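A.B. asks: output the structure for:
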Amino acid sequence: MPLLIYAAGWWLAGLFTGALLGPWATRPAWLAGIMLLAGLVVALAWRSRRLRAVAGLPLVGIGLAGVLASASAAHDARICRAATVERMARGEWLSLRFDGAATERAGPAPPRRGRVAGTAETAPADGLRGRGTVRFALGARRCAVAASVRLPSALGAGDIADVHGPALATDRGVRLAVDSVRAPTGRDWLRASRGRVGNTIDRLFRERAPLVRALVIADQDGIATVVRDRFADAGLVHLLSVSGMHVAIIASALLTITAAMRLPATVGAAASLALILAYVAMLGAPAPAVRSAVMLLTVMLATRWQRPLHEWTALALGAVIPTVQPLVVLDLGWQLSVSGMAALVAARAILRRWKPYALSRPASSRGGPLGAWSGALRQTQRWLVTRRGVSRWLVRETITGVVATIVTAPLIAWTFGRVSVLAPVTNLLAGPIVAFLQPALFLALLAGPLDPIAQVIADASALPIALLDRIATAAAAMPFAVVQVAPTLPTAIGAGLAAVAVVRATAARRIAPWLRMAAVALVAALWLPTVSGGPGVLEVHMIDVGQGDAFALRTPRGRWVLIDAGPSWDGGDAGRRAVVPYVQRRGGAVALMVLSHAHEDHVGGAASVIRALEPRQWWEPAFVTSSSGYRRALTALRESGQLWRRVYPGQRWQLDGVSIDVLAPDSSWTAAQHDANETSVVLRVGYGRRRFLFMGDAEGDEEAWLLERLPAEALQADVLKLGHHGSRTSSGAAFVRAVNPLVGLVSVGAGNRYRHPSPEVLERFAARQVPLLRSDREGSVVLSTNGQWLEAVAHGDRWRIPERSAIRRP
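C.D. replies: Predicted structure coming up:
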């Protein structure tokens with residue numbers, strides 16, 4: 001194997017190590033440890049193969065350079081994020097390059113007849129949400145910080161404008177809630193071009209536009225969560241982003257067109273390459289597309305110069321070039337692109353080795369059932385490797401799909417919490433559709449100025465889009481099609497190392513050592529979860545169920561406490577559609593379920609949750625309503641035999657170090673009420689020095705009752721789940737002042753008819769500088785704490801909640 005491939009492997013390993021260790025990677029102790037480990041590896045190799053050991057010394061240096069490069073890049077990124085927040089806090093104006101507005105996401109509303117795959121319900125928002133990049137100079141550094149932006153007024157894609165407003169640092173960039181926007185001072189023509197292409201897609205494809213945007217210009221903001229989950233369950237989620245495969249398909253189609261036009265091969269290759277490079281630049285040069293373009297350029301140059309090219313060399317160059325930005329190794333798109341291509345090359349190597357092995361394998365001399373089984377296996381192998389035509393294609397693609405599923409499974413499991421068992425089959429069916437669809441979509445965009453022709457091509461694409469969605473829907477609906485997992489970081493790393501060892505074995509003369517290494521890594525990955533027993537922190541999950549409530553607490557030992565289960569509708573409910581798969585995907589038993597009150601938007605999905613997850617206890621205020629969901633829940637409880645309890649103030653329950661205290665209501669208060677909202681169960685959850693207050697749909701009267709009965713310190717909490725979805729009848733000024741939260745949670749549906757949350761409540765929290773995390777904007781939100789720090793994950797961003805001392809209260 002060429003030395004370049006080893007150098008690329010050491011460089012990438014160093015980048016991963018530096019990115020995972022972060023600031024620790026630059027400490028002398030870590031560097032000494034890494035150098036000692038590398039020295040031991042080289043010393044062991046020196047005993048057997050001196051020349052390789054000598055060549056290994058520069059490779060160790062390349063690996064250490066990778067560690068320092070990614071650690072330094074991570075350090076610079078943290079400084080730039082902090083500087084952005086600090087400058088915004090001082091009232092400075094910073095330059096924003098706006099990528100474009102994002103589609104407002106709706107919660108999982110009931111499906112409507114005739115709904116097309118990839119569409120997302122939209123609603124007017126109080127402002128414009130989108131993404132962009134904040135650029136400024138910080139000494140010798142040129143900071144370019146990715147920003148999730150909320151704007152008070154419209155900007156066009158590609159506009160460069162000065163903005164001002166509060167900012168919050170996350171692990172990937174910053175979140176900006178812009179107060180003021182100056183008139184644009186310029187335009188970024190690449191971003192503007194991408195915006196114009198997006199507008200063309202919206203015009204041509206209408207309700208199919210969100211899926212087409214994802215396939216063509218890597219814009220996934222409009223894809224509904226349920227559609228994304230469906231494709232993930234089917235093993236097709238990689239199709240929802242522009243990857244190397246998409247670029248390769250377009251390049252192949254362009255080469256075919258130039259050949260059909262009888263253009264010289266050199267001219268056709270140059271024209272195709274120029275168009276592909278322009279396309280990749282217009283996309284913003286995402287790492288998967290860059291990887292594919294580099295490999296395409298490498299193959300074309302090798303062909304033009306008639307030079308032999310090792311396929312692993314082409315992949316090494318394609319993988320390394322995007323790492324000019326070292327932290328790209330943490331990008332899921334780059335990871336899937338490189339691992340998927342490595343799986344393809346490994347599958348080809350397996351096929352090349354398999355045929356001569358199967359044909360030359362001698363007949364077994366054993367008798368009995370074992371000999372018969374061995375003979376049947378040998379005959380099957382010979383039959384498979386001697387296929388021709390369509391049969392040969394099926395065998396090749398099936399093996400490739402299986403290898404790709406094995407290699408990418410750790411990444412998919414870590415990111416999406418599931419592994420699709422049917423991925424080889426679904427990719428076998430979807431592959432030809434995408435191979436036809438991708439060039440057709442690209443051709444429709446090229447014909448955009450000629451609207452009638454472009455519209456005909458777009459309409460012709462409706463059938464393959466529908467077929468693609470049908471495959472995803474059918475596969476996701478099959479029983480046991482998906483294995484739900486919740487891997488820890490050590491488990492994911494162990495499984496990833498096993499996948500790397502399997503790929504390396506396909507290129508080695510002696511495969512046994514690499515397979516033993518894969519087995520050891522896999523055993524470690526499977527054994528570690530039995531030791532950990534849970535996430536080790538308290539997690540509070542606000543599950544996106546649209547206009548309703550569904551919260552889940554996950555204890556440090558991995559057990560669950562559920563609070564409400566969302567709404568129901570004709571033909572379905574949020575319990576079955578959202579809550580049950582959300583909990584099952586992460587694993588763990590449900591120890592308790594609490595119903596805040598018996599309104600349909602809170603209890604509608606409870607029966608499905610009770611039957612599927614079997615909570616051991618059920619708490620509620622025992623205020624009877626006419627809700628059909630409440631009746632179904634009580635019926636399910638009676639049938640399952642779970643323990644039913646009526647809550648009372650002062651009731652306390654401990655679970656894995658987490659305390660759950662009931663603050664309201666008592667029986668006399670409940671008996672005097674006529675509105676179920678005012679009988680909502682109010683819970684205070686504590687872990688370490690952190691507290692969470694869950695209000696259900698409690699309104700002003702119940703808040704006043706709490707203020708009268710309890711001292712202020714009993715109500716104080718770090719996180720407040722706003723009562724009644726942030727309506728104007730809840731979250732009164734005196735109550736918010738008593739709770740004094742660091743952050744608020746609002747479970748609300750996009751564009752809901754009640755106009756929740758109310759402007760008065762929003763202004764009240766804004767005046768106290770308390771950020772609100774809303775499910776209509778963020779989707780599902782996770783807060784986690786070890787009892788000391790408090791961390792939030794929302795809309796793909798992760799950040800630490802500032803301490804009270806860092807927040808100025810009016």
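A.B. asks: pLDDT weak spots in the stretch 1-150 of the chain?
C.D. replies: The stretch 1-150 of the chain contains residues with pLDDT under 70 at 1-2, 22-57, 102-128.
A.B. asks: around the closest residue to residue 275 other than its chain neighbours, how many other residues sit close by?
C.D. replies: Closest residue to residue 275 apart from its sequence neighbours, by Cβ to Cβ, 6 or more residues apart in numbering: residue 254 at 6.1 Å. All C-beta spots, glycine's among them, are computed from the backbone N, C-alpha and C. When neighbours are defined as other Cβ atoms under 10 Å, residue 254 has 22 of them.
A.B. asks: and residue 254, what pLDDT?
C.D. replies: pLDDT recorded at residue 254 is 79.
A.B. asks: how about it, what does it touch?
C.D. replies: Listed by Cβ atoms under 8 Å, 6 or more residues apart in numbering, the contact partners of residue 254 are 268, 271, 272, 275, 276.
A.B. asks: can I assume it sits in a helix?
C.D. replies: Yes: according to DSSP: H, G, I helix; E, B strand; the rest coil, residue 254 belongs to a helix.
A.B. asks: any figure for the gap between it and residue 439?
C.D. replies: 8 Å (Cβ to Cβ, to the nearest Å).
A.B. asks: got it, and residue 515?
C.D. replies: When Cβ to Cβ is applied, the distance between residue 515 and residue 439 equals 39 Å.
A.B. asks: more neighbours: which of those two?
C.D. replies: residue 439 (19 against 16).
A.B. asks: packing partners of the host helix or strand of that one?
C.D. replies: Per DSSP states H and E, residue 439 falls inside helix 423-446. Contacts defined by 3 or more Cβ pairs under 8 Å, 6 or more residues apart in numbering; DSSP states H and E place helix 423-446 against helix 189-205, helix 209-217, helix 244-260, helix 389-416, helix 451-460, helix 462-477.
A.B. asks: what pLDDT does the residue nearest in space to the middle of the chain get?
C.D. replies: Residue closest to the mean C-alpha point of the chain, counted by Cα atoms, centre = their mean, is residue 415 at 5.3 Å. Residue 415 carries a pLDDT score of 79 in this model.
A.B. asks: that one and residue 268: what is the separation?
C.D. replies: With Cβ to Cβ as the criterion, residue 415 and residue 268 are 38 Å apart.
A.B. asks: what about the longest helix in this structure?
C.D. replies: The helix that spans the most residues within the chain, counting by DSSP state H, is helix 50-89.
A.B. asks: flag every buried residue along it.
C.D. replies: Neighbour-count burial for helix 50-89, counted by 16 or more other Cβ atoms under 10 Å, picks out 53, 56, 59-60, 62-64, 66-71, 73-74, 76-77, 80-81, 83-85, 87-88.
A.B. asks: could you give the angle of the helix holding residue 439 to helix 389-416?
C.D. replies: Helix 423-446 runs at 90 degrees relative to helix 389-416, counting by axes from the mean of the first three to the mean of the last three Cα atoms, to 10 degrees.
A.B. asks: circling back: deepest-packed of the helices and strands packed on helix 423-446, please.
C.D. replies: helix 209-217 (a mean of 25; mean count of other Cβ atoms under 10 Å).
A.B. asks: returning to what we had before: nearest to residue 93, of the helices and strands packed on helix 423-446?
C.D. replies: Nearest to residue 93 among those is helix 189-205; the distance by Cβ to Cβ comes to 19.9 Å.
A.B. asks: how about low-confidence regions in the stretch 701-810 of the chain?
C.D. replies: 804-810.
A.B. asks: let me see the ranges of the strands in it.
C.D. replies: All strands of the stretch 701-810 of the chain, identified by DSSP state E, counting those that start in this stretch, fall at 719-721, 743-746, 772-774, 781-785, 790-794, 797-800.
A.B. asks: give me the pLDDT value at the closest residue to residue 202 other than its chain neighbours.
C.D. replies: Excluding the flanking residues, the one nearest residue 202 by Cβ to Cβ, 6+ apart is residue 209, at 4.7 Å. In this prediction, residue 209 carries a pLDDT score of 86.
A.B. asks: swap in residue 528?
C.D. replies: 67.
A.B. asks: and residue 191, what does it touch?
C.D. replies: Going by Cβ under 8 Å, 6+ apart, residue 191 touches 97, 98, 99, 100, 157, 158, 284.
A.B. asks: skipping adjacent residues, who's closest to it in space?
C.D. replies: Leaving out its chain neighbours, the residue that sits closest to residue 191 by Cβ to Cβ, 6+ apart is residue 158, at 3.8 Å.
A.B. asks: could you do residue 603 as well?
C.D. replies: Using Cβ to Cβ, 6+ apart and skipping residues adjacent in sequence, the residue nearest residue 603 is residue 629, 4.4 Å away.
A.B. asks: output the contacting helices and strands for the helix or strand that contains the one you found.
C.D. replies: Following DSSP H and E, one finds residue 629 within helix 628-640. Counting contacts by 3+ Cβ pairs under 8 Å, 6+ apart, helix 628-640 packs against helix 600-603, helix 606-613.
A.B. asks: tell me the mean pLDDT over the last one?
C.D. replies: The one in question is helix 606-613. On average, the pLDDT along helix 606-613 is 95.
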